[in-house]
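Chemist: Could you look at this predicted model? Sequence included:
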Amino acid sequence: MSSTSPVLFDIQPQLATPIYRQVVEQVQRLVAGGQLAAGDELPSVRAVAERHAINPMTVSKAYSLLEAEGLLERRRGLGMVVAASAQPARVGGDRLALLEPALLAVARQANQLGVTPAQAVKALEQAFQSIEQDRP
């Protein structure tokens, strides 16, 4: 079993997507992308709630949904861990399919702003570069 995973969720309260849904989708993507593996421990409900100044019930709801989905399991004394059955292929199948809703939203917004596909692709590449620079 892996040690505690340093997963820090990117919670954005200003988004239309409910916070619990953001947590659920981020865990799904982390498992699908192989960044979280079976046995990896997730941060406690309390730790996530305190770090992001959100209601612990919100985090608990997200974790419970992920548990019902079979992606997480409760381990006595450890809290929530990625389930042994959570394989990247089983969870995400096609990782790009998990991106489709966000990509469609970006495409719609770019179109409304008059941004060309080439400009949008360049902006996405710059965003990836920015993320790479932020990594330790």
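Modeler: Noted; the coordinates are in hand.

Chemist: helix, strand or coil for residue 115?
Modeler: Three-state secondary structure (criterion: DSSP: H, G, I helix; E, B strand; the rest coil) places residue 115 in coil.

Chemist: Ignore what I typed, I meant residue 8.
Modeler: Under the three-state scheme (three-state DSSP), the conformation of residue 8 reads as coil.

Chemist: count of residues packed around residue 30?
Modeler: Burial of residue 30 is recorded as 21 neighbouring residues (other CB atoms under 10 Å). (Each C-beta comes from the backbone N, C-alpha and C, glycine too.)

Chemist: Leaving out the residues flanking it, which one is nearest to residue 45?
Modeler: With CB to CB, 6 or more residues apart in numbering as the criterion, residue 45 has its nearest non-adjacent residue at 4.5 Å, and that residue is residue 59.

Chemist: Same check on residue 44?
Modeler: If the residues on either side of it in the chain are set aside, residue 44 comes closest to residue 79, at 5.3 Å by CB to CB, 6+ apart.

Chemist: Which parts of this protein are helices?
Modeler: Assignment of helices within the chain using DSSP state H yields the ranges 19-32, 45-52, 56-68, 88-92, 95-113, 117-134.

Chemist: Which neighbouring elements make contact with the last one?
Modeler: Applying 3 or more CB pairs under 8 Å, 6 or more residues apart in numbering; DSSP states H and E, one finds that helix 117-134 makes contact with helix 95-113.
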